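Asks: Sharing a model prediction with you, sequence too.
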Amino acid sequence: MIHIIANPLAGGGKAVAAASGLARALADAGISCHVHVPGTREETINAARTHAPRGIVVACGGDGTVHDCLQGVMTSDATDKQMAIWPVGTGNDIVRGLGLDTAGTEELHGAFIDAVLEKTTPPTDVGTISIFDDGTNQSTDQPTTHYFLGVLSCGFDSDVNERANNMPAKVGRARYLLGLARELPIVRPRWYAIDSDGEDKSMAAMIVAIGNGPAYGSGMMICPDADMSDGQLDITVVTNAPKHTFVSVLPKVYSGKHVEHPSVVSWRAKRLRIDAPDSLVFADGERIGPLPATIEVMPSALQVLTWQRT
């Protein structure tokens, strides 16, 4: 059974129609499917959690929809954690990292159906984030665990995300660029206490990005060499550089060439603990909460349906 979970706001409202079209194609191929249209993020997570043990959950929307479905799948009772993505969002950076087409169009229905029939679900790593404060001011002695497939960020880029996510939905793809332009004049370094696989990597930084996948912000290749199946996380840090240097490095993020700049350091790790004052954590473009946080990789923890354009 295929359970398509469609975000009614994704793709400018196109996700529900896209989900219906995919469902018709699956039904015509004799594959049982059902479309769910949750009204809230919590309903999305619950729908994915409920239906994951009963078949493949298909996240129909953007990276935010994928992120929410992932939370449900990973906390479900399913023996094999598996899901698929039908990309109808503005960024679609997670499917970019998986090497899939970034637009869920009718011409790809056949490839998707073939993958379902052939059970083409290779294993993919999943990142975890454990924090004690999710911003609700509810104290707890136990950390809350979140999951991510793409990139976790702290610093300037999380500040940009915070601003961008508060913009009207009609802004669309320009949201991140507008947020960036408004945060640049006030950007400042923070001191990050970083433990990386037991090694002290603490430093002053403008950006700390931890990638299971390579991209965020609609194609910004912040961790260009990240491999979602290598059992490691890629860390990219833009250090405490002068503002004019920082500004000159930023455009290179789209090509991944920023990692060649001397102000940028990168390495790989399996487990990190990060803390910094007044710094938020975002993952897959979604707000997680303030630091401190412990980030780990779960190798081959998820099976993701993979198809190729024919």
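Replies: Yep, that arrived.
Asks: switch to C-alpha atoms for all contacts and neighbour counts from now on
Replies: OK.
Asks: For this structure, which segments are assigned as helices?
Replies: 15-28, 41-51, 63-74, 93-98, 109-118, 156-165, 174-183, 243-249 (DSSP state H).
Asks: ok, of those helices, where does mean pLDDT dip lowest?
Replies: Here those differ in mean pLDDT, and the lowest is helix 174-183 at a mean of 78.
Asks: now the helices of the chain as JSON lines including mean neighbour count and distance to Gly213?
Replies: Shown next, in JSON lines, are the helices of the chain (neighbours: other CA atoms under 10 Å; distance: least, CA to CA, whole Å):
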{"stretch": "helix 15-28", "mean neighbour count": "19", "distance to Gly213": "23"}
{"stretch": "helix 41-51", "mean neighbour count": "21", "distance to Gly213": "21"}
{"stretch": "helix 63-74", "mean neighbour count": "26", "distance to Gly213": "12"}
{"stretch": "helix 93-98", "mean neighbour count": "24", "distance to Gly213": "5"}
{"stretch": "helix 109-118", "mean neighbour count": "17", "distance to Gly213": "22"}
{"stretch": "helix 156-165", "mean neighbour count": "22", "distance to Gly213": "16"}
{"stretch": "helix 174-183", "mean neighbour count": "17", "distance to Gly213": "19"}
{"stretch": "helix 243-249", "mean neighbour count": "14", "distance to Gly213": "21"}
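Asks: Among those helices, which comes closest to Ala6?
Replies: Relative to Ala6, the nearest member of the helices of the chain by CA to CA is helix 15-28, separated by 5.6 Å.
Asks: Residues in contact with that closest one: which ones?
Replies: 4-9, 32-35, 37, 60-61, 88-89, 104-106, 109, 113 (CA atoms under 8 Å, 6 or more residues apart in numbering).
Asks: go on, stretch 188-201?
Replies: Counting by CA under 8 Å, 6+ apart, 155-156, 202-206, 239-240, 269-277 sit against stretch 188-201.
Asks: So which bits of it are buried?
Replies: For stretch 188-201, the neighbour count (16 or more other CA atoms under 10 Å) marks 188-196 as buried.
Asks: residue contacts, the closest residue to Asn165 other than its chain neighbours?
Replies: The shortest distance from Asn165 to any non-neighbouring residue, by CA to CA, 6 or more residues apart in numbering, is to Arg175 (7.6 Å). Counting by CA under 8 Å, 6+ apart, Arg175 touches 164-165, 167.
Asks: quick revisit: now the helices of the chain as TSV including distance to Cys223?
Replies: Formatted as TSV, the helices of the chain follow (distance: least, CA to CA, whole Å):
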stretch	distance to Cys223
helix 15-28	28
helix 41-51	27
helix 63-74	17
helix 93-98	10
helix 109-118	28
helix 156-165	13
helix 174-183	18
helix 243-249	14
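Asks: Can you check which of those gets nearest to Thr145?
Replies: Among these, the nearest to Thr145 by CA to CA is helix 63-74 (9.3 Å).
Asks: what packs against that closest one?
Replies: helix 41-51, strand 56-61, strand 82-87, strand 144-148 (3 or more CA pairs under 8 Å, 6 or more residues apart in numbering; DSSP states H and E).
Asks: contacting residues around Asn161?
Replies: Here Asn161 is in contact with 176, 179, 282, 285 (criterion: CA under 8 Å, 6+ apart).
Asks: swap in Gly155?
Replies: Counted by CA under 8 Å, 6+ apart, Gly155 has contacts 189-190, 205-208, 279-280.
Asks: buried subset of the contacts of stretch 188-201?
Replies: By 16+ other CA under 10 Å, the contacts of stretch 188-201 give 155-156, 204-206, 239-240, 269-276 as buried.
Asks: which of these sit farthest apart?
Replies: Across the buried ones among the contacts of stretch 188-201 (CA to CA), the longest gap, 24.5 Å, separates Asn240 and Lys270.
Asks: and the spatially closest residue to Arg287 that is not a sequence neighbour, bridged to which residues?
Replies: Spatial nearest neighbour of Arg287, excluding adjacent residues (CA to CA, 6+ apart): Val281 at 6.4 Å. Residues in a beta bridge with Val281, per DSSP bridges, are Gly289.
Asks: any idea how far Val281 is from Ala103?
Replies: Remark: distance between Val281 and Ala103 (CA to CA, to the nearest Å) = 27 Å.
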